[in-house]
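Engineer: Return atomic coordinates for the entry below.
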Amino acid sequence: MIQTMPRDTRTRYQGVFARHQKRCQLEQDGTRCTCKPSYWAKVYDRARQRPVPTRRFATAEAARNACPDLQARLDRGETPIQARPPRLGEARERFVAAAREGRALNKRGRRYKPRAIDNIEEVLRVHVEPRLGRRRIAEIRRGDVQQLVDDLTPAMSGSRIRAVVNALRSLYRWAQDRELVQHDPAHRVRLPAMAPKPIERIASPAEFAALVGTLPLDDALPYALAGYGMGRRAQIVRLRWCEVDLTVGAIEWGVEWEAAKYDASHRVVPCAPPLLALLKRAYIAQGRPDGEQRVCPSRYSATVLLSSSGLAERARERWAAAELRPITLQECRHSAATWLDAAGVSPKVASVAHGSLRAAAPAGGGPDHARALHARASPGHRACPRAAGQLPGLSPGADGRSMTRRSLRRSLRTNSEAFALLFARRATVFETGAFNRSATSPVAATRLEDGGGRAVAPRAR
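Structural biologist: From the prediction side, this is the model:
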């Protein structure tokens, strides 16, 4: 049976109508009204060239009196809250379009990054619209969102459910700013507890060197940039040669907008000797590219970014053949923070180089855990008292022995001296233009090893 729309009858006021209830006799046979109708009016929006209805009122006089205020708001270009709010599916399309155009901003007042827009659009379309897409955004309540969370909890992780709720919050924040709604149903929704997996995989410098040395150059360079250069995945795949200065021996992270997770992500990090050697080899192997080419290009096309999943799959195969324990790019960054702490580098210096909002805490819960992981001595050696406990997840170095803190400090002395040098000459790097981003810097050394033991002279600029 096809349901007909409720009948609206004219009133004595022009542009004001009465909305009758379904049980009304007027709805059934059209004889007389047997209900208490609500009243609404409509005014013409000249900009959109269509009539806009008001909300419903108890009396016809109240609906008529709402027309001048609604017309004034339409003439000012405002979206009136009295107008009928859009359905969630329509609101999602308008919000995503506004975010891509830069008119919808995030909670920090900044533009959404393209990847964040794609994620918001996906979770709303896939997880929210099948249940709430036909309902108007003003009619969705907190209980509806809580029921959605309860339905998704058995099949999804806590982080993914938070992504769904945060996408709804972003949508309603945009709608509230434009007076489409007055409430946020996703506010104070009870979420399932997170089950974070602590990063216990911390490689020693010797083990990390063995892991990187097992890989070919194009696969080893991203892991070296994450470990020795403390770069994030989004920064590594977007790094260009104009952001690498082989003369100064430094990398400028977070230049591209999409690669900067925080304000602190834009930073200059000195290259440790192993990383600088790999960068020089890659620079020669890629034919001394210009400054706009990627340092870690994709294997398939220059127009797409490097696939981290494909990189990890190839690396795991190599490490399995060499009987080495795999490591991820994020674990490489945490290993670097642990190395700097164990080598005595200042937490302030380490946090700036790490690109963190606060001092870079080693994985596992603080300096004691970091020293316990890397200051553990070989059998028969007495470690410092704070590092004497047995901790799970300790992986020995490539030589089969745990490193003492003295040997670790000695192996990282060059790195810590590079950090001190960077901050001593910060004015030179940032103010006098010693860091050259206009084009790829020439290789400082007069002789470069191309990996086969042969010396290659750098190309003159």
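
Engineer: Check for me that Tyr39 belongs to a strand.
Structural biologist: Yes - under DSSP: H, G, I helix; E, B strand; the rest coil, Tyr39 sits within a strand.

Engineer: OK, contacts around it?
Structural biologist: Neighbouring residues of Tyr39 by CB atoms under 8 Å, 6 or more residues apart in numbering: Thr11, Val16, Phe17, Ala18, Arg19, Arg56, Phe57, Ala58, Thr59, Ala60, Ala62, Ala63. Quick note: C-beta positions are derived from backbone N, CA and C, even for glycine.

Engineer: which one of those is nearest Asp341?
Structural biologist: Using CB to CB, Arg56 comes nearest to Asp341 of the contacts of Tyr39, at 64.6 Å.

Engineer: How is Thr247 assigned, secondary-structure-wise?
Structural biologist: Using three-state DSSP, the secondary structure recorded for Thr247 is coil.

Engineer: Burial check on it, number of neighbours?
Structural biologist: The tally of other residues near Thr247 (other CB atoms under 10 Å) stands at 13.

Engineer: Is Gly213 in contact with Tyr223, as I believe?
Structural biologist: No - judged on CB atoms under 8 Å, Gly213 makes no contact with Tyr223 at a distance of 10.5 Å.

Engineer: least confident pick among the contacts of Tyr39?
Structural biologist: Ranked by pLDDT, these bottom out at Arg56 (84).

Engineer: neighbours of it, just the number please.
Structural biologist: Other residues near Arg56 come to 17 when the count uses other CB under 10 Å.

Engineer: Cys35 now?
Structural biologist: The local packing of Cys35 (other CB under 10 Å) involves 15 other residues.

Engineer: Contacts only, for it.
Structural biologist: His20, Gln21, Arg23, Cys24, Gln25, Leu26.

Engineer: Going by distance to Cys332, which of the contacts of Tyr39 wins?
Structural biologist: For those, the nearest to Cys332 is Arg56 (60.8 Å; CB to CB).

Engineer: right, and that closest one touches Ala41 too?
Structural biologist: No - the criterion here is CB under 8 Å, and Arg56 misses it with Ala41 at 9.6 Å.

Engineer: Kindly point out which residues are neighbours of both of those two.
Structural biologist: Between them, Arg56 and Ala41 share these contacting residues under CB under 8 Å, 6+ apart: Ala63.

Engineer: and Leu268, what element?
Structural biologist: Residue 268: Val, not Leu. Using DSSP states H and E, Val268 falls within strand 267-270.

Engineer: name the helices or strands packed onto that strand?
Structural biologist: strand 250-253, helix 347-354, helix 413-424 (3 or more CB pairs under 8 Å, 6 or more residues apart in numbering; DSSP states H and E).

Engineer: which parts of it are buried?
Structural biologist: Under the neighbour-count criterion of 16 or more other CB atoms under 10 Å, strand 267-270 has Arg267, Val268, Val269, Pro270 buried.

Engineer: Of the residues you listed, just say which sits nearest to Leu148.
Structural biologist: Each of these was checked against Leu148 using CB to CB; the closest is Arg267, at 39.9 Å.

Engineer: who are the neighbours of the longest helix along the chain, in terms of helices and strands?
Structural biologist: Criterion DSSP state H: the longest helix present in the chain is helix 158-177. For helix 158-177, the packing partners by 3+ CB pairs under 8 Å, 6+ apart come out as helix 88-101, helix 114-123, helix 142-152.
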